[in-house]
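Engineer: task: produce atomic coordinates for the following.
(one chain, ligands or ions: 1)
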Amino acid sequence: MARIKVGILGATGMVGQRFIQLLEGHSWFEVTEVAASERSAGRPYAEVMQGRWKVEGAIPPRVARLTVKECVPNLDCRLCFSALDSSVAGPVEEEFAQAGYVVSSNSRNHRMDPDVPLLIPEVNADHLAIIPSQKDRWGSDGYIITNPNCAAIGLVMPLAPLHKRFGLDKVIVTTMQGLSGAGYPGVPSLDIIDNVVPFIGGEEPKVESEPLKILGSLNGGQFVSADLTVSASCTRVHVQDGHLESVSVGLKQKASPDDLIAAWTEFDPLGGQELPSAPSPPIIYRTEDDRPQPRRDRGEGNGMACVVGRLRKCSILDYKFFVLSHNTIRGASGAAILNAEYLYKKGLL
Ligand SMILES: NC(=O)c1ccc[n+]([C@@H]2O[C@H](COP(=O)([O-])OP(=O)(O)OC[C@H]3O[C@@H](n4cnc5c(N)ncnc54)[C@H](OP(=O)(O)O)[C@@H]3O)[C@@H](O)[C@H]2O)c1
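Structural biologist: Predicted coordinates for the structure are as follows:
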């Protein structure tokens, strides 16, 4: 089977590098274009990345030889993954959609747009029904889909089966977010060694609003937010990869701890669809008192599974638990790749 040509916008950044790493040897997609700012354009990718390649392993040789292009819509591909800095992602992604490309974006810019799906295929695949109206807006065959903020996706994964079975009323979450979420070079070492920073600019509003769109419905061509409230406190911790989140939930219907665990362990909506990046199961429940932990559990499902543990009664809401997700895989590049695999499987590419 001929593989689908894909380009990476923002290929030189932290998330862009993860795209290249995760797409190497992909059975459906082949990276044919790498694009970044005019500072990087015009030179071979390997030369631009001297001292900048930070993910495990070497740059795949075929990608290393590609010339970095500017982010203008004349790339030789059908699908673009966007890992662009949010200061530029908005208009660049629009230009590509208008020019007929499918854009699977990590950036925040279009996540809350009224005709852009904020997609987790296991949770709200039905939101893709909005795509024809978006295509009408661009007047082309192109469109944008987005994946959630890295802390929001780790939160929504365990919330989704609870919301479906019991209804969620209130959610309180405190995040402990890994350093790679801040890009490179990220937080200065003197600010984070031996420390926790109780602020991540712009993060809490995303963690409070994105779950409502994802868990909401698509009704009469409009997204309707889920009827629940989320309160988030976001912190940066001295961990390289992995976001750990402490979550308390209030449910609309009574449920036992075993009911919650069953909702998580029986959750596998993509089971049997054979998407290369889909973890099976997507949620792993650990019974030990001291799990999940970032260093030990972030690699589950090749970084695509969420690990839940320490379910217990909450004396304010109903229950509380921890969830861990890999922020640059399930929370960024891996999520956008899974989204594109789902589009392909459904004939939307
Ligand atoms: N890190 C995470 O865990 C994470 C998780 C979820 C979402 N995200 C989002 O993903 C995006 C990328 O994050 P990152 O951590 O990879 O950032 P990053 O390391 O700073 O990389 C930013 C990329 O954007 C490119 N860029 C900057 N200005 C540009 C311009 N004017 N025109 C074209 N390209 C330009 C850069 O190219 P040059 O090298 O040429 O400057 C680079 O390739 C951001 O929107 C971020 O919010 C990140």
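Engineer: any idea how far the ligand is from the residue lying closest to G309 once chain neighbours are set aside?
Structural biologist: Closest residue in space to G309, ignoring its immediate chain neighbours: R286 at 4.0 Å, by CB to CB, 6 or more residues apart in numbering. C-beta coordinates here come from the backbone N, C-alpha and C atoms, glycine included. Look at R286 and the ligand: by CB to the nearest ligand atom, to the nearest Å, they are 23 Å apart.
Engineer: what about whichever residue of the stretch 201-349 of the chain sits closest to the ligand, distance to C234?
Structural biologist: Nearest to the ligand, among the residues of the stretch 201-349 of the chain, is A332, at 3.7 Å (CB to the nearest ligand atom). Using CB to CB, to the nearest Å, one obtains 16 Å as the distance from A332 to C234.
Engineer: cool, and V173?
Structural biologist: 9 Å.
Engineer: what's the overlap in contacts for those two?
Structural biologist: Common contacts of V173 and C234, defined by CB atoms under 8 Å, 6 or more residues apart in numbering, comprise V207.
Engineer: how about the residue of the stretch 51-200 of the chain found nearest the ligand: what's its closest non-neighbour residue?
Structural biologist: The ligand sits closest to G183 of the stretch 51-200 of the chain, with a gap of 2.9 Å, by CB to the nearest ligand atom. Counting by CB to CB, 6+ apart, G183 lies nearest to M14, which is 5.0 Å off, once chain neighbours are set aside.
Engineer: state the number of residues packed around the one you found.
Structural biologist: Residues lying near M14 (other CB atoms under 10 Å) number 21.
Engineer: before we move on, what about V88?
Structural biologist: 16.
Engineer: for G216, same thing?
Structural biologist: 18.
Engineer: kindly report the same for A125.
Structural biologist: A125 has 17 nearby residues by other CB under 10 Å.
Engineer: pretty sure it contacts L119?
Structural biologist: Yes. Between A125 and L119 there is a contact at 7.3 Å, judged by CB atoms under 8 Å.
Engineer: could you name every residue contacting both of those two?
Structural biologist: Contacts common to A125 and L119, judged by CB under 8 Å, 6+ apart, are Y342.
Engineer: all the helices of the stretch 151-300 of the chain, residue numbers only.
Structural biologist: Secondary structure of the stretch 151-300 of the chain (DSSP state H, counting those that start in this stretch): helices at 189-192, 203-214, 257-265, 294-297.
Engineer: which of those helices is buried the deepest?
Structural biologist: Across the helices of the stretch 151-300 of the chain, the average number of neighbours (mean count of other CB atoms under 10 Å) peaks for helix 203-214, which reaches a mean of 21.
Engineer: so which other helices or strands are in contact with that helix?
Structural biologist: For helix 203-214, the contact count by 3 or more CB pairs under 8 Å, 6 or more residues apart in numbering; DSSP states H and E identifies helix 150-166, strand 168-177, strand 229-236 as packing neighbours.
Engineer: change it to 6 Å
Structural biologist: Where contact means 3 or more CB pairs under 6 Å, 6 or more residues apart in numbering; DSSP states H and E, helix 203-214 is packed against helix 150-166, strand 229-236.
Engineer: can you tell if it touches the ligand?
Structural biologist: No. Judged by CB under 6 Å from any ligand atom, helix 203-214 stays clear of the ligand, getting no closer than 9.6 Å.
Engineer: likewise for stretch 70-88?
Structural biologist: Yes. Using CB under 6 Å from any ligand atom, we find that stretch 70-88 touches the ligand at 71, 83-86, 88.
Engineer: can you list the residues of the stretch 151-300 of the chain near the ligand?
Structural biologist: Proximity of the stretch 151-300 of the chain to the ligand, by CB under 6 Å from any ligand atom, involves residues 180-181, 183-184.
Engineer: if we use 5 Å, what do you get?
Structural biologist: 181, 183 (CB under 5 Å from any ligand atom).
Engineer: verify the stated contact: L317 with V247.
Structural biologist: No. If you go by CB atoms under 6 Å, L317 and V247 don't touch, sitting 9.6 Å apart.
Engineer: so these two - more neighbours on which side?
Structural biologist: Of the pair L317 and V247, V247 is the one with more neighbours under other CB under 10 Å, namely 25 against 17.
Engineer: so who does the more buried one touch?
Structural biologist: By CB atoms under 6 Å, 6 or more residues apart in numbering, the contact set of V247 is 173, 321.
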